[in-house]
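**Student:** starting from these lines, generate the structure:
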Amino acid sequence: MKQTVAVVFGGVSTEHEVSRMSVTSVLENIDREAYTPIMVGIDKAGRWFRYEGPAGAILDGGWEQGPKTPCVLSPDRGHRGLLLLGEGGWQLLPVDVVFPVLHGKNGEDGTIQGLLELSGIPYVGCGVAASANCMDKEIAKTLFDSHGIPNARYAAVRHGDDRAGLAGRVTAQLGWPVFVKPAASGSSVGVTRVEGPGGLDAALDAAFLHGPKALIEEALVGAEVECAVMGQGPGARASQVIGQIVPKRGLYDYEGKYLDGSTDLYIPARVPEAQAQAVRTLAVRAYRALECRGLARVDFFAHSDGKSVTLNEINTMPGFTSISMYPKLMTRSGLTYTQLISGLLELALTQE
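**Tutor:** Okay, here's the model as predicted:
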């Protein structure tokens, strides 16, 4: 019997467009003999719709002018589904599982996960606490430190903090250059490389456009490598291969990730196998330390000594676009894209 999957995309986030790219790939590859997808779009104003037009219209935003019905996900466990809202009232559309293909704010920060917990509907990905903790880079770093997982040195700054003397403290504690980034954002949105004290204030102002807290991180030197992890608890496993990102310009930013092709990907990564194994081992340790489940992509710097690695961050709903590292790593590890999606849905349906 087919399972009904509500595939949610869009959202009120700076990564709205990335979500549309990701969900297009998911809908192209989902096993339609086992699952019946229901497309649920959230526009930038936060309005929910059941979309019933062609999936191809999602990518460029054309779905918003297509056939759609206003809806909400009911938090009532007696419903376990979507409420379709019409002039004559509402109609219940039962749902077996939800795949929230949402990135960034409200999508992978524990917000929609809390709504899904209330609804009683199984869902793909990490739970409320893991999602929130991984999204807030300061909290994640505190947990990494408590588990002995090496990560970049940093300073947290909140909007409105007195910045007098801040540049001096950065000079003493972190050195230059540094990276300034929003504490709870993704896809490199709002990230600035700062070469010296004179650029710090402007970089912080740019980061605060995306949230009330920013991190100033030491600039680490090393290959940027990524590892895919899938599963739950003791069953969590890393991808058999890891990938490497090589920006053609200085910063692996939003444009380089999704728009202008200015980034090269290498799978497997061009690092010694012993270092790749260290990445896989630490990726699973970090995944379990933050109590992730379902999936995550864990990012590292692999240093030039060929041995040491430093964790950068965990992404609990990594990109699923046609060029995204997570599905590429899992397919190179033996799964087809369709098997990957089915595996994630099966994990959601069987999680405790």
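**Student:** tell me, how many residues neighbour the closest residue to residue 2 other than its chain neighbours?
**Tutor:** Among residues not flanking residue 2 along the chain, residue 36 sits closest, at 4.9 Å (Cβ to Cβ, 6 or more residues apart in numbering). Just so you know, the C-beta spots here come from the backbone N, C-alpha and C atoms, and that holds for glycine as well. Using other Cβ atoms under 10 Å, the number of residues around residue 36 comes to 12.
**Student:** most remote residue from the chain's center?
**Tutor:** Largest separation from the mean C-alpha position in the chain: residue 88, at 38.4 Å (Cα atoms, centre = their mean).
**Student:** circling back: buried residues in the one helix or strand the residue nearest to residue 2 maps to?
**Tutor:** Assigned by DSSP states H and E, residue 36 belongs to strand 35-42. Across strand 35-42, burial judged by 16 or more other Cβ atoms under 10 Å covers 35, 37-42.
**Student:** can you put these in JSON lines and add pLDDT and distance to residue 92?
**Tutor:** As requested, the buried residues of strand 35-42 are exported to JSON lines (pLDDT from 0 to 100; distance: Cβ to Cβ, whole Å):
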{"residue": "35", "pLDDT": "98", "distance to residue 92": "20"}
{"residue": "37", "pLDDT": "98", "distance to residue 92": "18"}
{"residue": "38", "pLDDT": "98", "distance to residue 92": "13"}
{"residue": "39", "pLDDT": "98", "distance to residue 92": "18"}
{"residue": "40", "pLDDT": "98", "distance to residue 92": "14"}
{"residue": "41", "pLDDT": "98", "distance to residue 92": "19"}
{"residue": "42", "pLDDT": "98", "distance to residue 92": "20"}
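**Student:** next SSE after the lowest-mean-pLDDT helix or strand in the chain?
**Tutor:** Within the chain, no helix or strand scores below helix 254-258, which has a mean of 48 by mean pLDDT, DSSP states H and E. Once helix 254-258 ends, the next helix or strand along the chain (criterion: DSSP H and E) is strand 263-266.
**Student:** strand partners of that following strand, parallel vs antiparallel please.
**Tutor:** Strand pairing for strand 263-266, using DSSP bridges, gives strand 243-247 (antiparallel).
**Student:** so what pLDDT did residue 248 get?
**Tutor:** Looking at residue 248, its pLDDT is 72.
**Student:** burial of it, as a residue count?
**Tutor:** Residue 248 has 11 nearby residues by other Cβ under 10 Å.
**Student:** so who does residue 36 touch?
**Tutor:** 2-5 (Cβ atoms under 8 Å, 6 or more residues apart in numbering).
**Student:** would you mind listing which of those are buried?
**Tutor:** 3-5.
**Student:** among those residues, which lie within strands?
**Tutor:** Counting by DSSP state E, the part of the buried ones among the contacts of residue 36 found in strands is 3-5.
**Student:** which strand or helix spans the nearest residue to residue 237 once chain neighbours are set aside?
**Tutor:** Once flanking residues are discounted, residue 237 sits nearest to residue 231: 5.2 Å by Cβ to Cβ, 6+ apart. In this structure, residue 231 is located in strand 223-232 according to DSSP H and E.
**Student:** average pLDDT for the very next helix or strand once past that strand?
**Tutor:** Helices and strands here follow DSSP H and E; after strand 223-232, the next one along the chain is strand 237-238. Here strand 237-238 scores 98 as its mean pLDDT.
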